[in-house]
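1. quick one, fold the following:
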Amino acid sequence: MIANRERRVSSCGRVSRVWRLRRRGRGNVRTSLDPQRVAQLESVLWVSYYRREWVRFLRTALVVMRDVFGLPWVATARGSWFLLRATRRWSPSPDNDPPAARLAMERFYRLLKEHTDDQFDPAEAARLEVEWWAIHRVHQQTNASRDARALVDALAALYAYAFGVPDTAIRQAAEQRALAMRYCDQWVRAGCDPESSLIVQKRAALVRSYASLVAAVHRA
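-> Below is the predicted model of the structure:
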């Protein structure tokens with residue numbers, strides 16, 4: 001069952017490293033990304049977010065921090081908390097708190113920067129992150145997902161900044177991520193059924209997005 005498979009992802013103990021940010025203690029975000037694994041974990045986060053299952057969200061975030069970003073345990077706990085706090089500050093509609101969400105994401109990105117060799121401005125990364133959140137929310141509220149150009153542009157801007165590649169090189173990755181959001185929005189409008197086939201379609205689009213991103217980074 002779809003729900004059971006998603007739950008096993010969020011509760012597993014030891015999992016393989018899928019995005020090794022550590023290399024002799026520090027590393028680079030561009031190495032060893034497993035699109036299947038990362039897409040699966042992100043799918044769990046999305047399902048948890050929209051079903052307001054915050055304990056499950058936090059548990060999955062801990063797996064992401066430890067096994068995707070490869071952070072030590074103290075940083076794993078801090079990063080997971082920043083991600084949960086940003087998400088909780090953003091989630092209410094219409095009474096959310098974008099400045100608080102950006103601040104939490106800035107702390108999240110600053111933590112990542114402390115443990116990697118990547119050079120970026122945490123404040124700018126947080127701004128770009130929350131920018132696409134805002135554009136996506138407009139799409140949700142207006143059912144404007146058929147014209148996803150603004151969302152794709154925002155996603156491409158974040159990818160280009162975070163990975164240091166031209167936005168044209170990661171356009172396909174942004175398009176597939178926007179498509180995953182379209183499936184997710186359809187799933188939300190249909191009632192957030194944890195057994196819906198839309199979850200499978202969303203996850204498949206995320207896999208294609210990450211695969212395209214990896215290919216673009218390796219070509220750069």
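2. not counting sequence-adjacent ones, nearest residue to the most centrally placed residue in the chain?
-> What sits nearest the mean C-alpha location of the chain, by C-alpha atoms, centre = their mean, is residue 42, with 5.8 Å. The spatial neighbour of residue 42 that comes closest, neighbours along the chain excluded (C-beta to C-beta, 6 or more residues apart in numbering), is residue 206 at 5.7 Å. In short, each C-beta sits where N, CA and C put it, glycine included.
3. relative to residue 184, how far out is the residue nearest to the centre of the chain?
-> To residue 184, residue 42 is 10 Å away according to C-beta to C-beta, to the nearest Å.
4. ok, now residue 41?
-> With distances defined as C-beta to C-beta, the gap from residue 41 to residue 184 amounts to 15 Å.
5. circling back: confirm the residue nearest to residue 42 sits in a helix?
-> Yes: counting by DSSP: H, G, I helix; E, B strand; the rest coil, residue 206 is found in a helix.
6. now do the same contact list for the closest residue to residue 164 other than its chain neighbours.
-> Nearest in space to residue 164, with sequence neighbours left out and distances taken as C-beta to C-beta, 6+ apart, is residue 220 at 7.3 Å. Residue 220 is in contact with 163, 164, 165, 166, 169, counting by C-beta atoms under 8 Å, 6 or more residues apart in numbering.
7. any chance of the residues you listed in a markdown table, with distance to residue 211 and neighbour count too?
-> Formatted as a markdown table, the contacts of residue 220 follow (distance: C-beta to C-beta, whole Å; neighbours: other C-beta atoms under 10 Å):
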| residue | distance to residue 211 | neighbour count |
| --- | --- | --- |
| 163 | 14 | 20 |
| 164 | 19 | 14 |
| 165 | 15 | 20 |
| 166 | 18 | 12 |
| 169 | 14 | 19 |
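8. these into JSON lines, with extra columns for pLDDT and distance to residue 176?
-> Shown next, in JSON lines, are those (pLDDT from 0 to 100; distance: C-beta to C-beta, whole Å):
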{"residue": "163", "pLDDT": "86", "distance to residue 176": "15"}
{"residue": "164", "pLDDT": "86", "distance to residue 176": "20"}
{"residue": "165", "pLDDT": "89", "distance to residue 176": "16"}
{"residue": "166", "pLDDT": "91", "distance to residue 176": "17"}
{"residue": "169", "pLDDT": "94", "distance to residue 176": "14"}
